[in-house]
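> sequence and predicted structure, then a few things I'm wondering about:
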Amino acid sequence: MTVATANILIVDDDPTIRLMVRVALSRQGYEVTEADNGRHGVEAFVRRPPDLILLDVTMPEMNGFDVVRAIRAQHEGAWIPILMLTSAEDVRSIDEAFDAGATDFMTKPINLTLLSRRVRYVLGAAERESVLRQARAEQESACRLARLGFWQLHQQSGAMHWSEEAHAVLGWREPLPDHLDHFLTMVDAGQRPEVKNQLELSMNHHEGLELEVRLGEGARQRILRMQGKPSADQDIMVGAFQDVTGLRALENQVLYLVEHDELTNLPKERLFLRLLQEQLDMVSGEDPWMVMVLDIDRLHRINDAFGHAAGDNVLRVFAQRLRQHADPGTLLCRLEADTFGVAMPMSLSHETYLSYLDKPHFISGKAVFVEFSAGAGIYPRDGSNAAELLGLARQAQRKARLGSGTKLAFHQQGRLENKAMGILLETDLRLAQDKDEFFMVFQPQQELSSSRIVGVEALIRWQHSQRGIISPAEFIPLLEESGRIQHVGDWIIEQACRQAAIWRRQGIYLRMGINLSARQFELEDLADRILACTERHGIPAQCLELEITENIAMHSPEDTIVTLKRLRDMGFNIAIDDFGTGYSSFGYLLRFPLTTLKIDRSFIENITEYRNSRAIIRSLTALSQGLGLKTIAEGVENQRQRDYLDALGINEIQGYLISRPVRADELQRCLALDSAADPDMVIA
């Protein structure tokens, strides 16, 4: 409804007045309906509620006051403006009209010019009030959905007040604490001193407050995230709280699913490496450990002959045998689809352990032998840390698989050659930038709701003069270890900003994702460097999305938060990359000023086969939406994965289904071809 097209109902027993008013208001563009007495006026309202009612006071059958009361008693009539028509001398009628629920009054005889102005004013006020009611309703709905409430604390008296919806938010029937002392008695005993100290510091020093409180006991216990700050007169602290009990429970579930394989319930590689490194840190060099990698040979033959369900059962039984015959202290994991990891003290008999695995599996009632190969690395002889030992065991397993009848192969001492190759490669790496051997590729990111390409991830590549393309997995760690990643990182930012500026001049507005390293975060002027680069190329800060991994974020979380907040204040988007592959605290995650959560490809690859994979994605999406973040799924390789991700609420995807990482000119040609093939396609 707009003021100019409003529907107005005239209720008056005088036909002359109705005619005059109808003609005057119709000329103003209003739609006018009439009723000749109070009862007919109520009936007309019921048939079609108008936007405004002009109502005479004195009428037969039902006077104007009774009409107002009848209309206000109905749900549809609670907010409709009612303009009463009454005599100028009838002050009592004016008072009674307002008491009955009238919005305004107009005196008789009617001045039609003044009536038109009054009608427009009343309709405008009603429209503004409707907008405010809608805003309040949306705010209340948002608070209920987010489980938000509000609180006040009077410093002098210690009195506490809670918003009306607080009981509903917390699901409590008992009274909420009305005094600070009462509140503290409800706080978990182990947390009580800390909470009391934080409140006293905030009140005494007039500082803001932010803490997470466990309130209540048993089934009533709730985890509240409380924020507050002193009011202007410094005597009252006002704040908001959010019930995050469900969120914390969801986080615990997600953490378990992230670190355990859904088919075998064994730990995944990340957890295995962490536990192994902790074990190695506790033992001395005189207590050697063996790290083994076991691979089921040609499992695809089982899948092809008997189906994938039979293959999954083989994996389950194999994992169960690993568990059942393992001595206390043995560490197990599922590394990949048909590969497992085992770590045990050398004092245990690995020959006996492996013999338990060399038994038939029963498929459709028939005994089937499943061959496997194993490789091993020894601590500390072959390696000094968990990741290195696992890598060496993988190499040995590949040699065992190529051998004839060999079940277990130990790593051969070839590490010095590998280290020498690494030193030579590092030397070449120092000269690569001066020799212009680095180049950039860009992997597009597609918005699922519109199928638009809305962004790209900028990636560095190395074209070695003799060895050709060097994998980033091979040279990025060398850049990190040598510290040259800071210098090369500046080059990457410069190239990405330059390319973004070129595209923008051509009318291609793509968000540019840039990966940042832990070493770059050691630079105190990192934020200023990036901002200066965008200004130099004339692109807005929001054009860039700066990506960090969980491990980088948790390297020095407090310092990271400071840098990220500075970057976010400058306008840059912040993404956490490879989400779920590290060990970040969700408490810190809530404090990071993120805009985007990128879900690691390891959670995407099995999404079409396993329900738990979808549960993980659904949980991460819910967490992301709760934090107001955009989600990007990495490593999407086929249409089925895309369809599942779309159904689970993922915002954007990237992966080989859309495109491999390509150079800027090739990406630009692809965008041009897509636009030509699809006239509705829009390049963001």
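It's in. Residues are numbered from 1 along each chain as shown.

> just checking, Gly341 touches Arg270?
No. With contact defined as CB atoms under 8 Å, Gly341 does not count as touching Arg270 (11.4 Å). All C-beta atoms are positioned from the backbone trio N, CA, C, and that covers glycine.

> which one's more surrounded, the two?
Gly341 (26 against 16; other CB atoms under 10 Å).

> distance check, that one against Val238.
54 Å (CB to CB, to the nearest Å).

> now Gln445
Distance from Gln445 to Val238, by CB to CB: 41 Å.

> who has more neighbours, those two?
Shown here are Gln445 and Val238; by other CB under 10 Å, Gln445 has more neighbours (28 against 14).

> what average pLDDT does stretch 390-410 get?
Taken as a whole, stretch 390-410 has a mean pLDDT of 75.

> for it, the distance to its chain's centre please.
Relative to the chain's own centre, stretch 390-410 is displaced by 42 Å; criterion: CA atoms, centre = their mean, to the nearest Å.

> flag every buried residue along it.
The neighbour-count check on stretch 390-410 (16 or more other CB atoms under 10 Å) flags 390-397, 400-401, 407-410 as buried.

> where does the stretch 451-600 of the chain dip in pLDDT?
551, 554-556, 578-590 (pLDDT under 70).

> give me the neighbour count for the residue nearest to Ile616 when sequence neighbours are not counted.
Take Ile616 and drop its neighbours on the chain: the residue closest to it by CB to CB, 6 or more residues apart in numbering is Leu257, 4.8 Å away. Here the number of neighbours of Leu257 (other CB under 10 Å) works out to 20.

> can you list contacts of stretch 602-609?
258, 262, 308, 580-581, 613-614, 616-617, 620, 633-637, 640-641, 644-645, 655 (CB atoms under 8 Å, 6 or more residues apart in numbering).

> what of stretch 638-649?
With CB under 8 Å, 6+ apart, stretch 638-649 has contacts from 448, 604, 607-608, 614, 617-618, 621, 625, 631, 633, 636, 653, 655, 657.

> quick check: the farthest pair among those residues?
Gln625 and Leu657 (23.5 Å; CB to CB).

> for the residue nearest to Ile616, give me the pLDDT.
Confidence score, pLDDT, at Leu257: 70.

> start at 32, not 1
Done: numbering now begins at 32, and the last item shifts to Leu288.

> Leu575 touches Ile545, doesn't it?
Yes. Between Leu575 and Ile545 there is a contact under CB under 8 Å: 6.1 Å.

> so between the two, which is more surrounded?
Leu575 (27 against 22).

> where in the stretch 82-231 of the chain is pLDDT low?
Ranges of the stretch 82-231 of the chain meeting pLDDT under 70: 118-121, 164-178, 200, 202-204.

> for it, just list every one of the strands.
Taking DSSP state E, counting those that start in this stretch as the test, the strands found in the stretch 82-231 of the chain are 83-87, 113-118, 135-139, 179-185, 191-193.

> ok, back up a step: the residue nearest to Ile647: what secondary structure?
Per DSSP: H, G, I helix; E, B strand; the rest coil, the local secondary structure of Leu288 is helix.

> that one against Arg649, yeah?
No. Assessed by CB under 8 Å, Leu288 is found out of contact with Arg649, at 10.4 Å.

> show me where the stretch 532-681 of the chain has helices.
If DSSP state H, counting those that start in this stretch is used as the criterion, the helices of the stretch 532-681 of the chain fall at 557-568, 581-584, 588-601, 617-622, 642-657, 670-678.

> what's opposite the residue nearest to Ala407 when sequence neighbours are not counted in the beta bridge?
Of all residues not flanking Ala407 in the chain, Met323 sits nearest, at 4.6 Å (CB to CB, 6+ apart). Beta bridges link Met323 to Val373, Ala407, judged by DSSP bridges.

> residues contacting Met323?
Met323 makes contact with Gly372, Val373, Ala374, Met375, His381, Ala405, Gly406, Ala407, Ala424, Leu439, according to CB under 8 Å, 6+ apart.

> ok, and the most crowded of these?
Neighbour max across these (other CB under 10 Å) = Ala424, 29 neighbours.

> what mean pLDDT does stretch 651-669 have?
89.

> ugh, wrong one, stretch 364-372
Here the average pLDDT along stretch 364-372 is 90.

> what is the end-to-end distance of it?
5 Å (CA to CA, to the nearest Å).

> flag every buried residue along that stretch.
Cys364, Arg365, Leu366, Asp369, Thr370, Phe371, Gly372.

> repeat that for stretch 40-52.
Going by 16+ other CB under 10 Å, stretch 40-52 has these buried residues: Leu40, Ile41, Val42, Asp43, Asp44, Ile48, Arg49, Met51, Val52.

> would you mind putting those residues into CSV with distance to Arg58, secondary structure and pLDDT alongside?
As requested, the buried residues of stretch 40-52 are exported to CSV (distance: CB to CB, whole Å; DSSP: H, G, I helix; E, B strand; the rest coil; pLDDT from 0 to 100):
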residue, distance to Arg58, secondary structure, pLDDT
Leu40, 18, strand, 92
Ile41, 15, strand, 92
Val42, 21, strand, 91
Asp43, 19, coil, 90
Asp44, 24, coil, 87
Ile48, 16, helix, 86
Arg49, 15, helix, 86
Met51, 11, helix, 86
Val52, 11, helix, 87
